[in-house]
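In: Next input, structure requested:
(4 chains)
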There are 2 protein chains.
Amino acid sequence: MNLRQIAYAVAVAEEASFTRAAERCHTVQSALSHQIARLEEELGAPLFERTSRRVRLTPAGHAFLPAARQLLHSEQRIRDEVAAATGQIRGALSVGLISALTVLDTVDLLAEFHGMHPQVDVRFASGMSEHLLVNVREHRCDVAFVGLWPGEIIEGLNTLLLADEALVAVLPPGHPLASSSEVCLRDLAVQRCVDYRAGSGARRQTDEAYAAAGLTRHVHFEVDHASLMERVIRRGLAIGMVPAETAAGMQGLAIVPVRDAPRRRVYCVWAYHPTPAAAAFVELVLARSQALPQPLAYPAMATP
Amino acid sequence: MNLRQIAYAVAVAEEASFTRAAERCHTVQSALSHQIARLEEELGAPLFERTSRRVRLTPAGHAFLPAARQLLHSEQRIRDEVAAATGQIRGALSVGLISALTVLDTVDLLAEFHGMHPQVDVRFASGMSEHLLVNVREHRCDVAFVGLWPGEIIEGLNTLLLADEALVAVLPPGHPLASSSEVCLRDLAVQRCVDYRAGSGARRQTDEAYAAAGLTRHVHFEVDHASLMERVIRRGLAIGMVPAETAAGMQGLAIVPVRDAPRRRVYCVWAYHPTPAAAAFVELVLARSQALPQPLAYPAMATP
DNA sequence: CGGATCAATCACATTTTGCGATGCAATGAA
DNA sequence: TTCATTGCATCGCAAAATGTGATTGATCCG
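Out: Reported below is the predicted structural model:
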């Protein structure tokens, strides 16, 4: 077995062609073909089914592929780790974002990060908190910014609490409640509401608050980004709730404190043993976020 | 870079000697020395500090080592996966065990497993539940049998509930409560108690039950194995609580049901993407354990 | 001081890999 | 059916990488 053979085989699997794989690997088809044959011989099973005109993976090939990719990943990791040991941060950094993220400007943050470490390739991936957590756990993502409802435990990951803010109600200018000095959830539950998509962490946090108050409400409009929520409210279609800091940026809308407001928590999470690039990025996040007091390891145990 | 170079470098790091590493790799010292030099050249940093008489890792070498081991692990994984695709289960299987495990005989189970797949090398590791869970998460263990207290969530791992039994009190023959038809925790809390070590999952489960009943008790004897607990009780030093099935095997001791008995849960846990050997072992566990109804994904949400 | 130990270096043999040309099988259009 | 095309396997040869054994040079220890 051989690093080159592995790379060749993965290329063939991805290109579904020996010829194109050879081009991608900057070699000739005969050399690649030979190496694949040697690899198959050593492993004791053919990896590819060569029907003329088409190359397909055999069952053995399907079993081979994930482990092979992991091996190539390890190779890159070796280079990046050794480079980091001599002060050169490089490699790839995959950052997951929830769409409701407003507590810090990640693009600004990544601009600063890119200035410090221009050799790092950055990839964004947006999605819902649960999905991002799975991605981080399975190392498809290095770092993610997620929202979680109170009491949730994030096990097996590093976490940093970035924000724990009370939400405020955001109303269209002419709304009957717009001039109130304070409202409570009971007032809001009977209104037409806009909130984040069901299943998202942000949505769960508000749902949880209504449920705890014994209230049911109906969400007429579901959005996946704060700017969409703002437009829905501005148009007078519904009322919403956002963190106070976010609301401050919404010009021309009525902002009213909520007595029994739910809190919006945002965490930065990353896996154990981060890559050098991920570690450097987390360090920057740490430096740029005022350090909030972190919750206990097992908040569920703290309040029996 | 090269698989052989990586293997050579890891061998040097582990043997702290080029000569011994060469022997271990079935080659001569000069060849190995040359390959290490080439590897260091490609990586742009020396991995080893050659003081005469001693070889030590440089900072770059320390950064290199974990990623290199992971790469070699991937190589083995490729072989094992391809072999599994052709029906040959082999490789290594690391099983973690809590000492309080009595619901199934893991040695019997592994004997049967070894009969089915003799090419798999099995390694045992005993410890406390929390520690085993970390080991499984970080892939130092493939499968673990752990005890958890009610309400705990195991996130990011596959789980199978193996046992959920009520505990019964076990008393020395002449004990005042030995002839009772039933006792409650209040009766037991004032007795001298033997239980598992503080910090273990089994211990937490009983501690939690006493706390929930508003009782405090003092554990005079801490043990790390059921057989030790039995001997302490037999000697008349203390009373204990064990699952009913376990108690059935304790001849000559008084077994008394407990009205508000805590339950002892035992889970089998394993990481996502198990190795072929781990997957085969879990399959056997599944077949040999009567399938209990599994708890919800988020039991904390189910009882708000 | 002198033997022992250990890694680096060198010349040379062997193996592996790459390259270009060719062969062979299958497909699809005339 | 025939023929051009596509795509992978095979082969001979050149180049590169790797292994071997002997030697060197430095350091440690008695």
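
In: I figured A:His139 was touching A:Tyr272, is that so?
Out: No: using CB atoms under 8 Å, A:His139 makes no contact with A:Tyr272, being 10.4 Å away. Placement of C-beta: from N, CA and C, glycine included.

In: How is chain A divided into domains?
Out: Domain ranges of chain A: A:3-85, A:91-304, per automatic domain parsing.

In: Now render those domains as CSV, adding mean pLDDT.
Out: Output for those, formatted as CSV (pLDDT from 0 to 100):
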stretch, mean pLDDT
domain A:3-85, 94
domain A:91-304, 87
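
In: quick one on the thing from earlier: of A:His139 and A:Tyr272, who's got more company?
Out: Per other CB atoms under 10 Å in any protein chain shown, whichever of A:His139 and A:Tyr272 has more neighbours is A:His139, with 14 against 10.

In: sec struct for the residue of the stretch 1-150 of chain A found nearest DNA strand D, please.
Out: Residue of the stretch 1-150 of chain A nearest DNA strand D, by CB to the nearest atom of the strand: A:Ser30 (2.8 Å). Classification of A:Ser30 by DSSP: H, G, I helix; E, B strand; the rest coil places it in helix.

In: count of neighbours near it?
Out: 10.

In: For it, give its distance to chain B.
Out: 22 Å (CB to the nearest CB, to the nearest Å).

In: All the helices of the stretch 1-150 of chain A, residue numbers only.
Out: A:3-15, A:18-24, A:29-43, A:59-85, A:106-116, A:129-137 (DSSP state H, counting those that start in this stretch).

In: The fifth one packs against which elements?
Out: In terms of contacts (3 or more CB pairs under 8 Å, 6 or more residues apart in numbering or on different chains; DSSP states H and E), helix A:106-116 is packed against strand A:91-97, strand A:120-126, helix A:276-288.

In: tilt between it and strand A:91-97?
Out: Orientation note: helix A:106-116 sits at an angle of 170 degrees relative to strand A:91-97 (axes from the mean of the first three to the mean of the last three CA atoms, to 10 degrees).

In: what's helix A:106-116 in contact with?
Out: The set of residues external to helix A:106-116 that reach it, using CB atoms under 8 Å, 6 or more residues apart in numbering or on different chains, is A:Ile89, A:Leu93, A:Val95, A:Leu97, A:Val120, A:Val122, A:Phe145, A:Ala280, A:Phe281, A:Leu284, A:Val285, A:Arg288.

In: Chain neighbours aside, what residue packs nearest to the last one?
Out: If I follow you right, that is A:Arg288. A:Leu109 (6.3 Å; CB to CB, 6 or more residues apart in numbering or on different chains).

In: now swap in the fourth one and tell me
Out: Distances taken as CB to CB, 6+ apart place A:Ser126 nearest to A:Leu97, at 4.8 Å, with adjacent residues excluded.

In: thinking that neighbour is in contact with A:Ser94, fair?
Out: No: using CB under 8 Å, A:Ser126 and A:Ser94 do not qualify as a contacting pair, with a distance of 11.6 Å.

In: name the element A:Ile255 belongs to?
Out: Assessed by DSSP states H and E, A:Ile255 sits inside strand A:254-257.

In: List the strands paired with that strand, with their directions.
Out: strand A:158-171 (antiparallel) (DSSP bridges).

In: Can you name the residues that contact the nearest residue in space to A:Ala213 that is not next to it in sequence?
Out: Closest residue in space to A:Ala213, ignoring its immediate chain neighbours: A:Leu185 at 5.0 Å, by CB to CB, 6+ apart. Listed by CB under 8 Å, 6+ apart, the contact partners of A:Leu185 are A:Ala209, A:Tyr210, A:Ala213, A:Leu215, A:Val258, A:Arg259, A:Asp260, A:Ala261.

In: Could you report the neighbour count for A:Val266?
Out: A:Val266: 26 neighbours (other CB under 10 Å).

In: Just confirm it is within a strand.
Out: Yes: applying three-state DSSP, one finds A:Val266 inside a strand.

In: isn't it right up against A:Thr159?
Out: No: in this structure A:Val266 lies outside contact range of A:Thr159 using CB under 8 Å: 10.7 Å.

In: quick one, what contacts the most centrally placed residue in chain A?
Out: Nearest to the mean C-alpha position of chain A, by CA atoms, centre = their mean, lies A:Gly96 at 2.2 Å. Residues counted as contacts of A:Gly96 (CB under 8 Å, 6+ apart) are A:Ala125, A:Ser126, A:Gly127, A:Leu132, A:Asn135, A:Val136, A:Cys141, A:Val143, A:Ala144, A:Phe145, A:Val146.

In: Same check on A:Phe281?
Out: By CB under 8 Å, 6+ apart, the neighbours of A:Phe281 are A:Leu93, A:Val95, A:Phe113, A:Asp142, A:Val143.

In: one more time with 7 Å, if that's ok
Out: A:Leu93, A:Phe113, A:Val143 (CB atoms under 7 Å, 6 or more residues apart in numbering or on different chains).

In: what bridges to the first one?
Out: This points to A:Leu93. With DSSP bridges as the rule, A:Leu93 is bridged to A:Val122.
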